[in-house]
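J.: from the sequence below, what's the structure:
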Amino acid sequence: MPVQLNHTIVSARDKLESATFLADVLGLAPPTPFGPFLVVQVDNDVSLDFIDDPDPMTVQHYAFLVGEAEFDEIFGRIRERDLTYWADPARTKGGEVNHHDGGRGVYWEDPSGHVLEIITRPYGSGG
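T.: Numbering: from 1, shown residues only. Predicted coordinates for the structure are as follows:
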């Protein structure tokens, strides 16, 4: 069997808030409980398993590759929620979308401060 990422654990100040936020913005199924986790399943059989963590957050970055139509839908939900977004991970290009490799990409934060990203082309793919 090839090596595949199956899941990752995401620490959150409030797992219900963060897991629901991610599922809603990305247009995914609602999170499901599994033990102490709330699981958000993405379309390539990888899950993000949210857990409450009272310790100070270490900010993580989660990037999602999406199609052009999905980008429009997700970006629409970001704007509908009036979320702050950036074209770059350093968050210096506010209110902009990047066009790396001939695609589109945007960054925003979840309720716990993690940096989320959607891109339509993998970095380094040309374009």
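J.: now do the strands in this protein.
T.: 7-12, 32-34, 37-41, 47-52, 61-65, 85-86, 105-109, 115-119 (DSSP state E).
J.: so what are the sheet partners of the fifth one and their directions?
T.: Which is strand 61-65. Paired neighbours of strand 61-65 in the sheet (DSSP bridges): strand 115-119 (parallel).
J.: for L28, give me its contacts.
T.: L22, V40, Q41, V42 (C-beta atoms under 8 Å, 6 or more residues apart in numbering). C-beta coordinates here come from the backbone N, C-alpha and C atoms, glycine included.
J.: re earlier: now tabulate the strands of the chain in TSV and tack on mean pLDDT, mean neighbour count and distance to K93.
T.: TSV is the format used below for the strands of the chain (pLDDT from 0 to 100; neighbours: other C-beta atoms under 10 Å; distance: least, C-beta to C-beta, whole Å):
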stretch	mean pLDDT	mean neighbour count	distance to K93
strand 7-12	97	18	25
strand 32-34	98	12	36
strand 37-41	98	20	27
strand 47-52	98	20	26
strand 61-65	97	16	16
strand 85-86	98	20	5
strand 105-109	98	21	9
strand 115-119	98	20	13
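J.: now render those strands as CSV, adding distance to G76.
T.: Compiled in CSV, the strands of the chain are given as follows (distance: least, C-beta to C-beta, whole Å):
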stretch, distance to G76
strand 7-12, 24
strand 32-34, 25
strand 37-41, 20
strand 47-52, 22
strand 61-65, 15
strand 85-86, 12
strand 105-109, 11
strand 115-119, 12
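J.: which one of the ones you listed lies nearest to E96?
T.: strand 85-86 (6.8 Å; C-beta to C-beta).
J.: count of neighbours near the nearest residue to D52 once chain neighbours are set aside?
T.: Spatial nearest neighbour of D52, excluding adjacent residues (C-beta to C-beta, 6 or more residues apart in numbering): K15 at 4.8 Å. Using other C-beta atoms under 10 Å, K15 has 21 neighbouring residues.
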